[in-house]
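# Next one to model:
(4 chains)
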2 protein chains.
Amino acid sequence: MAKVDTSLVAHLPLFAGVKPDDLDEILREARSARYPKSTAIFEQGADAKSFFLLLHGHVRAAKTTPTGEQIVVRYVAPGETFGLAMAIGTAQYPATAMAVDDSVVLIWPTSAWPRLIERFPSLAANTMQTVGKRLQESHTRILEMSTQQVEQRVAHALLRLANQSGKKLEKGIEIDFPISRQDIAQMTGTTLHTVSRILSGWESQGLVESGRQRIILREPHRIVVLAERNPDSGAA
Amino acid sequence: MAKVDTSLVAHLPLFAGVKPDDLDEILREARSARYPKSTAIFEQGADAKSFFLLLHGHVRAAKTTPTGEQIVVRYVAPGETFGLAMAIGTAQYPATAMAVDDSVVLIWPTSAWPRLIERFPSLAANTMQTVGKRLQESHTRILEMSTQQVEQRVAHALLRLANQSGKKLEKGIEIDFPISRQDIAQMTGTTLHTVSRILSGWESQGLVESGRQRIILREPHRIVVLAERNPDSGAA
DNA sequence: CGGACAGTTTGCGATAGCGCAAAACGGGTC
DNA sequence: GACCCGTTTTGCGCTATCGCAAACTGTCCG
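Residues are numbered from 1 along each chain as shown, chains lettered A, B, ... in the order given. Predicted coordinates for the structure are as follows:
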């Protein structure tokens, strides 16, 4: 098993307050693995044998209903953890994780968690913060779904993606991994058709430039305006 | 300050794995307070000076948008904690808490938290579980809002309330605190008008009996069916 | 180079649920 | 016992969004 360079991960929030030597010890318990694009990392409902830290690539966490509909819970960016089922006291993964790009992850066995947090309390504290932040994001999402219309929700979703995984280029900000209209629909609680119509509209106004699983925000500022505008105060 | 009887709270999940003597020490750091019906316990955005454990009554946690719309994040039942901002690393409360019934709470100063979890690690672990559970509930709610129609969401919301705070009586299960159509609307992402229409419909079918801020589920089982039915497989 | 296919666009009805408005209904108060 | 106020009910028109269907397009593959 290849040794993981501590300098690559030392700055991550997860390891804030952990001493270099300790970090070394923590990393020794992990192995790394590569998941090619479009492969599943774990499935919803499967026993949570491991938890993960994403090093490279992008991972989509999605939840499926009994009737087969899906929603995207979140996109994981490099440096973030996922599959933390055990930390929150669940024996099975509550969602499915899939690499949307060729991805490299660190993997710890779930069984190592209790020992790790006992030896390194900041790990527990940092994880708590992470989970807390996700909880607040969920509440924000619920708030948006309750009070905003689809166009605003899509605007917010794209801005968040751009913020989290945007690649700056001359033309604007490009979302740095393949994402389809369907994916955006599943993030915002709508249908791919509606998303397509909205993006078409924006494209003709020069707000975005988009193609097959590719979106560039050309005028982020104007999209912010869209996201925040009160529906009934709009143009004629 | 009146001393809190440890036997009243020892069985709570929050204190699982805490020794009686330790529990005593933990409780010594808390004070208790009474909030009459309809009084605010803390406001969204205010500095998180304290965290709370509900002993009696019911508390509604709600989030308000910049434009004044509200959603109900959750109803707190006796034995549950709320206002855990500091645990999740936030200096301000992300929501407003209001007593919906005369309520009694235990209050710890936020500043006590770091010391408490250091001395009693199970507190931290238990809190992590709680937060994790809430995160999953949020995801479930998002899933429902994305894939189900209003009637099903209302059914789910009422079943959850009945489960959490239902009082069994001969006629059925009564939700044990005052709750308006508006409240239910804010839990399900719809309007009070739509909730009213739905409940009227159910009432005429004998599924519920309801009045001013009062709801009794007369036929929980049939409501479960409603909650789960696939929209397009319904009656003619 | 010619499919074949997944993803995207677009048109066109259908409709669930909203928004407004007005009326009816408790339930507590003086 | 009359009154007042917050809650609930209900009617009615409107529209944002869905759902289906069909055409289109960029990409990968042989």
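# from what I can see residue A:91 touches residue A:47, true?
Yes - here residue A:91 reaches residue A:47: they are 6.4 Å apart, a contact under Cβ atoms under 8 Å. The C-beta positions use only the backbone N, C-alpha and C, and glycine is treated the same way.
# and for these two, which residues touch both?
Contact criterion Cβ atoms under 8 Å, 6 or more residues apart in numbering or on different chains; residues shared by residue A:91 and residue A:47: none found.
# who's in contact with residue A:180?
A:192, A:213.
# can you do 10 Å?
A:100, A:186, A:192, A:195, A:196, A:212, A:213, A:214, A:215 (Cβ atoms under 10 Å, 6 or more residues apart in numbering or on different chains).
# swap in residue A:163?
Contacts of residue A:163 (Cβ under 10 Å, 6+ apart): A:77, A:173, A:220.
# Then residue A:133?
Counting by Cβ under 10 Å, 6+ apart, residue A:133 touches A:13, B:88, B:89, B:90.
# which residues touch the residue nearest to the third one when sequence neighbours are not counted?
When the adjacent residues along the chain are set aside, residue B:89 lies closest to residue A:129, with 4.0 Å between them (Cβ to Cβ, 6 or more residues apart in numbering or on different chains). Residues in contact with residue A:129 (Cβ under 10 Å, 6+ apart) are A:13, A:14, A:16, B:87, B:88, B:89, B:90.
# if I pick the most centrally placed residue in chain A, what's in contact with it?
The residue lying closest to the centre of chain A (Cα atoms, centre = their mean) is residue A:75, at 2.1 Å. Residues near residue A:75 by Cβ under 10 Å, 6+ apart: A:58-62, A:100, A:160-161, A:164-165, A:175, A:177, A:179, A:183, A:187.
# So which bits of the one helix or strand residue A:7 maps to are buried?
Assigned by DSSP states H and E, residue A:7 falls within helix A:6-9. Buried residues in helix A:6-9, defined by neighbour count with 16 or more other Cβ atoms under 10 Å in any protein chain shown: A:6, A:9.
# That one packs against which elements?
helix A:20-28, strand A:50-56 (3 or more Cβ pairs under 10 Å, 6 or more residues apart in numbering or on different chains; DSSP states H and E).
# how's chain A carved up into domains?
A:6-144, A:148-233 (automatic domain parsing).
# quick one: residue A:167 and DNA strand D, what's the gap?
17 Å (Cβ to the nearest atom of the strand, to the nearest Å).
# List the contacts of that residue.
A:173, A:174, A:175, A:176, A:177, A:216.
# Contacting DNA strand D as well, which ones from the residues you listed?
For DNA strand D, no contacts are drawn from those by Cβ under 7 Å from any atom of the strand.
# immediately after whichever helix in chain A runs longest, which helix or strand?
If you go by DSSP state H, chain A has its longest helix at helix A:121-147. Once helix A:121-147 ends, the next helix or strand along the chain (criterion: DSSP H and E) is helix A:150-165.
# and that next one, anywhere near DNA strand C?
No - for helix A:150-165, no contact with DNA strand C is found by Cβ under 7 Å from any atom of the strand; the gap never falls below 11.8 Å.
# so where is chain A shaky, pLDDT-wise?
A:1-3, A:230-236 (pLDDT under 70).
# Alongside DNA strand D, which residues does it contribute?
So chain A meets DNA strand D at A:149, A:150, A:151, A:189, A:190, A:191, A:193, A:194, A:211, A:212 (Cβ under 7 Å from any atom of the strand).
# Count the neighbours of residue A:155 for me.
24 (other Cβ atoms under 10 Å in any protein chain shown).
# typed the wrong thing, it's residue A:49
Residue A:49 has 15 nearby residues by other Cβ under 10 Å.
# That one contacts residue A:107, correct?
Yes - the pair residue A:49 / residue A:107 is scored as a contact, 9.2 Å apart, by Cβ atoms under 10 Å.
# shared neighbours of those two, anything?
By Cβ under 10 Å, 6+ apart, the residues touching both residue A:49 and residue A:107 are residue A:83.
# on that earlier part again, now the helices and strands packed on helix A:6-9 in CSV, with distance to DNA strand C?
Below are the helices and strands packed on helix A:6-9 laid out as CSV (distance: least, Cβ to the nearest atom of the strand, whole Å):
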stretch, distance to DNA strand C
helix A:20-28, 35
strand A:50-56, 21
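# deepest of those, which one?
strand A:50-56 (a mean of 21; mean count of other Cβ atoms under 10 Å in any protein chain shown).
# Just after that one, pick out the following helix or strand.
Defined by DSSP H and E, the subsequent element after strand A:50-56 is strand A:59-64.
# quick one: the very next helix or strand once past that next one to helix A:121-147, angle?
The first helix or strand that comes after strand A:59-64 along the chain, using DSSP H and E, is strand A:70-76. Angle, strand A:70-76 to helix A:121-147, by axes from the mean of the first three to the mean of the last three Cα atoms, to 10 degrees: 140 degrees.
# what angle do strand A:70-76 and helix A:150-165 make?
30 degrees.
# circling back to that earlier point, now do the residue nearest to the centre of chain A against residue B:83, distance only.
To residue B:83, residue A:75 is 30 Å away according to Cβ to Cβ, to the nearest Å.
# dump the residue contacts of residue A:22.
A:6, A:15, A:116, A:119, A:120, A:122, A:123.
# and if you look at residue A:183?
Residue A:183 touches A:60, A:62, A:70, A:72, A:75, A:100, A:157, A:161, A:177, A:192, A:195, A:213, counting by Cβ under 10 Å, 6+ apart.
# That one: which element?
Per DSSP H and E, the secondary structure element for residue A:183 is helix A:181-188.
# Let's see that helix as PDB, backbone CA atoms only.
What follows is helix A:181-188, C-alpha atoms only, in PDB (Å, rounded to 0.1, in the frame of the first residue of the first chain):
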ATOM      1  CA  ARG A 181     -29.800  18.700 -16.500                       C
ATOM      2  CA  GLN A 182     -31.100  15.600 -14.900                       C
ATOM      3  CA  ASP A 183     -28.600  16.000 -12.000                       C
ATOM      4  CA  ILE A 184     -29.600  19.600 -11.500                       C
ATOM      5  CA  ALA A 185     -33.200  18.600 -11.500                       C
ATOM      6  CA  GLN A 186     -32.500  16.100  -8.800                       C
ATOM      7  CA  MET A 187     -30.700  18.800  -6.800                       C
ATOM      8  CA  THR A 188     -33.600  21.300  -7.000                       C
END
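# and that helix, anywhere near DNA strand C?
Yes - judged by Cβ under 7 Å from any atom of the strand, helix A:181-188 and DNA strand C are in contact via A:181, A:182.
# Off-centre distance for whichever helix or strand comes after that helix?
Using DSSP H and E, the next helix or strand after helix A:181-188 towards the C-terminus is helix A:192-204. Offset of helix A:192-204 from its chain centre (Cα atoms, centre = their mean, to the nearest Å): 23 Å.
# Next SSE downstream of helix A:192-204?
Remark: after helix A:192-204, the chain's next helix or strand is strand A:208-211, criterion DSSP H and E.
# Partner strands of the helix or strand following that next one, with direction?
The first helix or strand that comes after strand A:208-211 along the chain, using DSSP H and E, is strand A:214-217. Here strand A:214-217 has these sheet partners by DSSP bridges: strand A:172-175 (antiparallel), strand A:208-211 (antiparallel).
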